[in-house]
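S.K.: I would like the atomic coordinates for the input below:
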Amino acid sequence: MSAYCVGKYLWPELVGKDGKYAVATIDRENPSVKAMIVLEGSVVTQDFRCDRVWVWVNAHGIVKRVPFNSSWFSVVYVFLGKRSSWPELLGKQGQVAEVTIKKENPYLDAIIVEEGFVVPLDYHEDRVWIWVNKRGIVIKVPLIGKSSWPELVGKGGKVAEQIIERENPLVDAIIVEEGTIVPVNVVPQCDRVWVWVNNYGIVTRVPVIGKSSWPELVGKEGTVAEETIEREKPLVDAIIVDKNATVTPDFRCDRVWVWVNTSGIVVKVPTIG
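M.R.: Numbering: from 1, shown residues only. Purely as a prediction, here's the structure:
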C-alpha cells in the first residue's frame, strides 16, 4: 500500500456481526483508521480517505457490507484489481449474471433491477446494478458505479467533469463542445463519459456512460435497426449477421451485431460487444 495508507484495509469477516463489535475490531486491528457506523440508506461524503472505514449496518445494527479502508488505493486493490464490468453478460439471464459476478468478486453486491425502475444515483464501490427486461434478460453492461448524471445539465462543464470522476472513479469524463466531431480513433473505450457543453461551457446533455443495447429493435427490419443504432450512436458500427452465423468472440466497444433471421428480421437484442 502507499506510504499514507497502512495496515489492514478489509474486513469481510465482519459482515453479519454487530456494528459496535465491528467498530471495536477495526479500530483494534488498524489503529490508523477510524471506523464509523452508518445506517443503510444514509448519505455520506464521496471522498476517499485512508483514515476512515464506513461500517454500514441495517436497522438492527448488523453489518451489511464488507467494511474497507476508503482510500482510492484500497478501492483499486479490492475491486478494480479484479473486474469492474461484465460485457459478456449482455443477453444472459439476470440470475446467471448475478451468480457470475458474485462468484468472481464476493465483495460485490449484484442487484437485479428491471428496466424503468428508479434506483439511487449514489456511487458505491461494492454495488453492481444488473438491468434486465421483462423477460429477465440483461440489457446493459453490468458495471461498478454510477452511469448517468441528469442533475448536471445546466451546470458548468468543468464542475460536471470533477463530479463525474469523483462519483465514479472508473470513468474518464471528457468535455466536448456541441458541434464538435469526435475522432473515431478514440472509440474503443467503454469507460468514457462525454460532457457536452455549449459555447458558454454549460452542460447541454445528460452525461451518460452510453446506451449499450436496443431491445426495442427486436422484430424490426435489420436495416432499420442498423440505421437506428448508428444514428443514436454515430461512433458505433452496426453489423447485420445471420442468426446462425459464427462471429469473432472478442469484445469491442464500437461494434453491435444485429442478428436477423432469413427474412431479415432482428431476432436478438442488439448489444455492444
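
S.K.: the stretch 151-273 of the chain: helices as residue ranges?
M.R.: Taking DSSP state H, counting those that start in this stretch to define them, one finds helices in the stretch 151-273 of the chain at 157-167, 222-232.

S.K.: now those in CSV, with distance to residue 14, mean pLDDT and mean neighbour count?
M.R.: In short, each C-beta sits where N, CA and C put it, glycine included. Compiled in CSV, the helices of the stretch 151-273 of the chain are given as follows (distance: least, CB to CB, whole Å; pLDDT from 0 to 100; neighbours: other CB atoms under 10 Å):
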stretch, distance to residue 14, mean pLDDT, mean neighbour count
helix 157-167, 26, 87, 18
helix 222-232, 45, 87, 17
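
S.K.: show me the one of the ones you listed that comes nearest residue 205.
M.R.: helix 157-167 (10.5 Å; CB to CB).

S.K.: summarise which helices and strands that closest one is packed against.
M.R.: Applying 3 or more CB pairs under 8 Å, 6 or more residues apart in numbering; DSSP states H and E, one finds that helix 157-167 makes contact with strand 172-177, strand 192-197.

S.K.: re earlier: could the helices of the stretch 151-273 of the chain go into JSON lines alongside distance to residue 256?
M.R.: Below are the helices of the stretch 151-273 of the chain laid out as JSON lines (distance: least, CB to CB, whole Å):
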{"stretch": "helix 157-167", "distance to residue 256": "25"}
{"stretch": "helix 222-232", "distance to residue 256": "5"}
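
S.K.: JSON lines for the helices and strands packed on helix 157-167, including mean neighbour count, distance to residue 23 and mean pLDDT?
M.R.: Converted to JSON lines, the helices and strands packed on helix 157-167 look like this (neighbours: other CB atoms under 10 Å; distance: least, CB to CB, whole Å; pLDDT from 0 to 100):
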{"stretch": "strand 172-177", "mean neighbour count": "16", "distance to residue 23": "35", "mean pLDDT": "88"}
{"stretch": "strand 192-197", "mean neighbour count": "20", "distance to residue 23": "36", "mean pLDDT": "86"}
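
S.K.: looking at those strands, which is closest to residue 154?
M.R.: Of the helices and strands packed on helix 157-167, nearest to residue 154 by CB to CB is strand 192-197, at 10.6 Å.

S.K.: may I have the closest one as CSV, with CA atoms only?
M.R.: Taking C-alpha atoms only, strand 192-197 is exported to CSV below (Å, rounded to 0.1, in the frame of the first residue of the first chain):
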residue,chain,number,x,y,z
ARG,A,192,-15.8,7.2,-21.1
VAL,A,193,-18.4,9.9,-20.4
TRP,A,194,-18.8,12.8,-22.9
VAL,A,195,-19.7,16.0,-21.2
TRP,A,196,-21.4,18.1,-24.0
VAL,A,197,-21.3,21.8,-23.4
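
S.K.: so the residue lying closest to residue 27 once chain neighbours are set aside bridges to which residues?
M.R.: Closest residue in space to residue 27, ignoring its immediate chain neighbours: residue 35 at 5.5 Å, by CB to CB, 6 or more residues apart in numbering. Note on residue 35: beta-bridge partners residue 53, judged by DSSP bridges.

S.K.: residue 35 contacts residue 22, doesn't it?
M.R.: Yes. With contact taken as CB atoms under 8 Å, residue 35 and residue 22 are classed as touching, separated by 6.9 Å.

S.K.: now do the shared contacts for the two.
M.R.: Common neighbours of residue 35 and residue 22 (criterion: CB atoms under 8 Å, 6 or more residues apart in numbering): 55, 67.

S.K.: got the helices and strands packed on helix 157-167 as TSV, with distance to residue 10 columns?
M.R.: Listed next are the helices and strands packed on helix 157-167 as TSV, based on distance: least, CB to CB, whole Å:
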stretch	distance to residue 10
strand 172-177	26
strand 192-197	29
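
S.K.: do you know which of the ones you listed lies nearest residue 93?
M.R.: Nearest of these to residue 93, taken as CB to CB: strand 192-197 at 28.4 Å.

S.K.: which elements pack onto the closest one?
M.R.: helix 157-167, strand 172-177.

S.K.: okay, the ones you listed in JSON lines with distance to residue 233 next?
M.R.: Shown next, in JSON lines, are those (distance: least, CB to CB, whole Å):
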{"stretch": "helix 157-167", "distance to residue 233": "19"}
{"stretch": "strand 172-177", "distance to residue 233": "15"}
